[in-house]
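Peer 1: With the sequence up front, the predicted model follows.
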Amino acid sequence: MRIFRNEATCIISAAILLRLIAAIYSTGFNHPDEHFQIIEPAYGLVHDYWLKTWEWHAGIRSWFPAWSISYIIRMAHWIGLSHPDGTAMLIRIFIGLLSVGTVWASYNVALVLGGAKAARLAGWSIALWPGLIYFNVHPLSETLCIPFAMVALVLCILNKYTWLAGVCAAIAFAFRFQAAFFVISCCLILAFNKNCKSLVRFILCGLIVCAFVMILDCRLWQQLIYPAWRYFKFNVIEGGASREFGVAPMHRYITALSRHFTAPVAIVLMGFSFSALYGFRKNWPVWVFVLPFIVSHHLISHKEDRFIVPIFPALIVLASIGATQVKMSKKLKILLISIVIMSGIYRGVTWKWQLHADASTLLTYIGRQPDLSGVLMCNVSVFDMGGAFYVGKNITWTLESDSSKCK
């Protein structure tokens, strides 16, 4: 057991090192939501000016994610990192260190349900895979909720500190409303194990956190409001996201695995995940954790690849457990390991580590101009550019879709 503990330390250390490197190198932002749902409103809380997008006028976002990140921005200013690049890097470092909780939780879930070999496989896979490293350092709501959801899962499986599991599950929900499926799954795990007292502690502590978030939202929105309900109404009842941003076929998330992991690894991942059904009596909690999230997201018409990122660690845990249950020849093991390693190297080399970095760099440069009073954007959406966080000044923003009018 001491050997595996030491190996767990090596896995955690590697995860920390790689995420620190990614936090420094991976500039820019993955998706406009990273900026306009998290960083920009957080900047607004600190400086009282920011560029609002439609969702903040519609009241479908909680202030909790931005409120949390705002303290990192305050800290950056306090230590002298007033430049947007330095502040953004500090945010990525904090998010990356937070994501190490995902590695720890995933390792322990696999250890409890699949044994030491499964834990080793899951831990190293989550710690080293390039795509996960990239997302783990960017403050999207999809990635911010993962460590809290996975910690809640392992605590519910172990039936230890279930009050803390309730707190973590509620925080995951506060970061991303779709994490409600993880909350429900944790409740089912405790209920199926007939841990009534633990379930009560889980629910009560979760409700306390939700009450705090609701009070925070009402205070910052300056009205009695519950953004989770407005979000559900807009996206599910009214179909707003599908209407405004398009629909995707049912197989979108299946093919998304190949875009995240490469096609060979996606096939291996799904194959070994299904082989984990052989030990369903033992690893059923992970299936209960995974299935509601996957099924519900398949039913929603509007789909984006990043929407299923929160489920990746649990899928890797299932695949790791399944891999240890399948009898394979030594040659086959070497072949599969080689495929995964080569695919990981390929994905790491081809991954867009500095996506939208040109836009953030340009705005940072514009913000340094002493006589700047406004920005005119021609034939480009503000969603591709960023806002006040990178400029660092309270200026007028003008969007013009017709480039001929900009001459």
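Peer 2: Arrived safely. Computed from a predicted structure; not experimentally measured. Numbering: from 1, shown residues only.
Peer 1: Give me the residue ranges of the stretch 301-407 of the chain where confidence is low.
Peer 2: Scanning the stretch 301-407 of the chain for pLDDT under 70 picks out 381-385, 401-407.
Peer 1: And the strands in it?
Peer 2: 374-378, 396-400 (DSSP state E, counting those that start in this stretch).
Peer 1: Point out the most buried one among those.
Peer 2: Greatest average neighbour count among the strands of the stretch 301-407 of the chain goes to strand 374-378 (a mean of 14), per mean count of other C-beta atoms under 10 Å. Just so you know, the C-beta spots here come from the backbone N, C-alpha and C atoms, and that holds for glycine as well.
Peer 1: what packs against that one?
Peer 2: In terms of contacts (3 or more C-beta pairs under 8 Å, 6 or more residues apart in numbering; DSSP states H and E), strand 374-378 is packed against strand 396-400.
Peer 1: would you put the C-alpha positions of the least confident helix or strand in the chain by mean pLDDT in PDB?
Peer 2: Using mean pLDDT, DSSP states H and E, the weakest-scoring helix or strand in the chain turns out to be strand 396-400, at a mean of 78. The C-alpha trace of strand 396-400 is given here as PDB (Å, rounded to 0.1, in the frame of the first residue of the first chain):
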ATOM      1  CA  THR A 396     -17.100  53.000 -25.200                       C
ATOM      2  CA  TRP A 397     -17.500  49.900 -27.300                       C
ATOM      3  CA  THR A 398     -19.000  50.100 -30.800                       C
ATOM      4  CA  LEU A 399     -19.800  47.100 -33.000                       C
ATOM      5  CA  GLU A 400     -20.300  47.500 -36.700                       C
END
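Peer 1: Tell me the strands beside it, with direction?
Peer 2: Strand 396-400 pairs in its sheet with strand 374-378 (parallel), by DSSP bridges.
Peer 1: pull the CA atoms of the strand it pairs with into CSV?
Peer 2: Taking C-alpha atoms only, strand 374-378 is exported to CSV below (Å, rounded to 0.1, in the frame of the first residue of the first chain):
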residue,chain,number,x,y,z
GLY,A,374,-13.3,53.9,-27.3
VAL,A,375,-13.0,50.8,-29.5
LEU,A,376,-14.7,50.4,-32.9
MET,A,377,-15.0,46.8,-34.0
CYS,A,378,-15.7,46.2,-37.7
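Peer 1: And Val213, what's its pLDDT?
Peer 2: pLDDT for Val213: 97.
Peer 1: ok, the closest residue to Arg259 other than its chain neighbours - contacts?
Peer 2: Of all residues not flanking Arg259 in the chain, Asp305 sits nearest, at 5.9 Å (C-beta to C-beta, 6 or more residues apart in numbering). The neighbourhood of Asp305, defined by C-beta atoms under 8 Å, 6 or more residues apart in numbering, consists of Arg252, Tyr253, Ala256, Arg259, His260.
Peer 1: Now go through these and say which are in strands.
Peer 2: When DSSP state E defines the strands, the subset of the contacts of Asp305 inside them is empty.
Peer 1: Tell me the most packed of those residues, by neighbour count.
Peer 2: His260 (22 neighbours; other C-beta atoms under 10 Å).
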